[in-house]
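how would this look folded up:
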Amino acid sequence: MSIDVLQEKIRSMKNPSMIGLDPILELLPEQIKEDAFQKHGQTLAGAAEAYRVFCCGILDALKEAVPAVKVQTGCFQAFGADGVRAMEQVLAYAKKLDYYVLMDTMRGDIDCTAEALSESYFGGVKVGENVYTPYPCDAVMTNSYLGSDGIMPFTKYCKQGKNVFLLAKTSNKSSREMQDIVAGGRSVYQVVLDLAMRWSIDLFGKFGYSEIAVAVSGKHPAVLQEMRRQYDRLFFLVPGYGAQGANGRDVQYAFDRYGYGAIVCAGRSILYAFRKAGGDGADYQKFALEAAERMRTDITQYVRVL
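The predicted structure follows:
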């Protein structure tokens, strides 16, 4: 897949939103945890099984409404080998249901490590005469702080229908400590966007956007508006919606006048909507779908996807 395909999915569903699969054990429905612990005990394997069941349930519930998902690798990797195995199963299921899948690794590695990782996500890992792709996905989120050494091993797959998302202006509170520092007349996050443009030669699709995308927070609408104006050929992933405070009015500035160029990501406000409703989680899928539909309505009252 590519940014063009993602935008076609957004256009088809009239929904420029992405759901972040960031499971937190304490917030999962009690019955899912009880079933997993009954099968595996209160172990890492039990916790990983609860994540798998919950995330696959979310994927089932939203498959007709949401075009894309973001899988947070750190949540799964916290449970060791069992967590990684569960993540592989969630990834495979998301691909089976035809979601656009972004792997949120937020890693920054030197060239040799990045090369190995890019093969595991995109190219295939060779073992003797066999080739394996343990983490099949359409895109990877990576930390750009190491520069081109950590990015180029991934961007070489952009011409094969894969995408790279670079962290630029994130939604966490302390992001300003690093990202807003001025260097040579530009903020650090602007340097990242400039590099993304430099690396995008020959990587622009039919909608005019690069296969290299950037993350720009929806919590800073003035910044978002200015970055959209300056970098009109970069696709934006917009975090910060929902639980972190951003809304449709804020994120509208990520899009061009045709409703293209961005996708808005939310996690907790969708995954745990059953908690806000006071439910026990037995019907978490219903509440997740309702929350996802409200998110679509909120965004599309400001953004018309043509």
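
Which secondary structure state does the closest residue to Thr73 other than its chain neighbours sit in?
Among residues not flanking Thr73 along the chain, Thr105 sits closest, at 5.1 Å (Cβ to Cβ, 6 or more residues apart in numbering). In this view, the C-beta of every residue, glycine as well, is placed from N, C-alpha and C. Of the three states, Thr105 takes strand under DSSP: H, G, I helix; E, B strand; the rest coil.

Contact partners for Thr105?
By Cβ atoms under 8 Å, 6 or more residues apart in numbering, the contact set of Thr105 is Thr73, Leu117, Val140, Met141, Thr142.

Can I get those residues in a markdown table including secondary structure, pLDDT and neighbour count?
Output for the contacts of Thr105, formatted as a markdown table (DSSP: H, G, I helix; E, B strand; the rest coil; pLDDT from 0 to 100; neighbours: other Cβ atoms under 10 Å):
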| residue | secondary structure | pLDDT | neighbour count |
| --- | --- | --- | --- |
| Thr73 | helix | 92 | 19 |
| Leu117 | helix | 80 | 21 |
| Val140 | strand | 94 | 26 |
| Met141 | strand | 92 | 23 |
| Thr142 | strand | 90 | 27 |
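
Closest one to Ile299 out of the residues you listed, please.
Using Cβ to Cβ, Met141 is the member of these that sits closest to Ile299, with 20.7 Å.

so who does the closest one touch?
Contacts of Met141 (Cβ under 8 Å, 6+ apart): Lys70, Leu102, Met103, Asp104, Thr105, Met106, Phe165, Leu166, Leu167, Ala215, Leu237.

can those go into CSV with extra columns for distance to Thr133?
As requested, the contacts of Met141 are exported to CSV (distance: Cβ to Cβ, whole Å):
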residue, distance to Thr133
Lys70, 19
Leu102, 16
Met103, 12
Asp104, 18
Thr105, 15
Met106, 21
Phe165, 19
Leu166, 22
Leu167, 24
Ala215, 24
Leu237, 23
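
Nearest to Tyr132 among those?
Met103 (15.9 Å).

give the contact list for that closest one.
Lys70, Val71, Thr73, Leu91, Tyr121, Tyr135, Cys137, Ala139, Val140, Met141.

again, only this time at 6 Å
Val71, Cys137, Val140 (Cβ atoms under 6 Å, 6 or more residues apart in numbering).

Among those, pick out the one closest to Trp199, please.
For the contacts of Met103, the nearest to Trp199 is Val140 (14.4 Å; Cβ to Cβ).

what's across from the nearest residue in space to the closest one that is not next to it in sequence in the sheet?
Leaving aside its chain neighbours, Val140 sits nearest to Met103 (4.8 Å; criterion: Cβ to Cβ, 6+ apart). As for beta bridges, Met103 partners with Val71, Val140 under DSSP bridges.

Quick check: buried residues in stretch 101-119?
By neighbour count on 16 or more other Cβ atoms under 10 Å, the buried set for stretch 101-119 is 101-109, 114-115, 117-119.

now the strands: where do they sit in the stretch 1-150 of the chain?
For the stretch 1-150 of the chain, applying DSSP state E, counting those that start in this stretch gives strands covering 17-21, 68-72, 100-107, 125-127, 130-132, 139-142.
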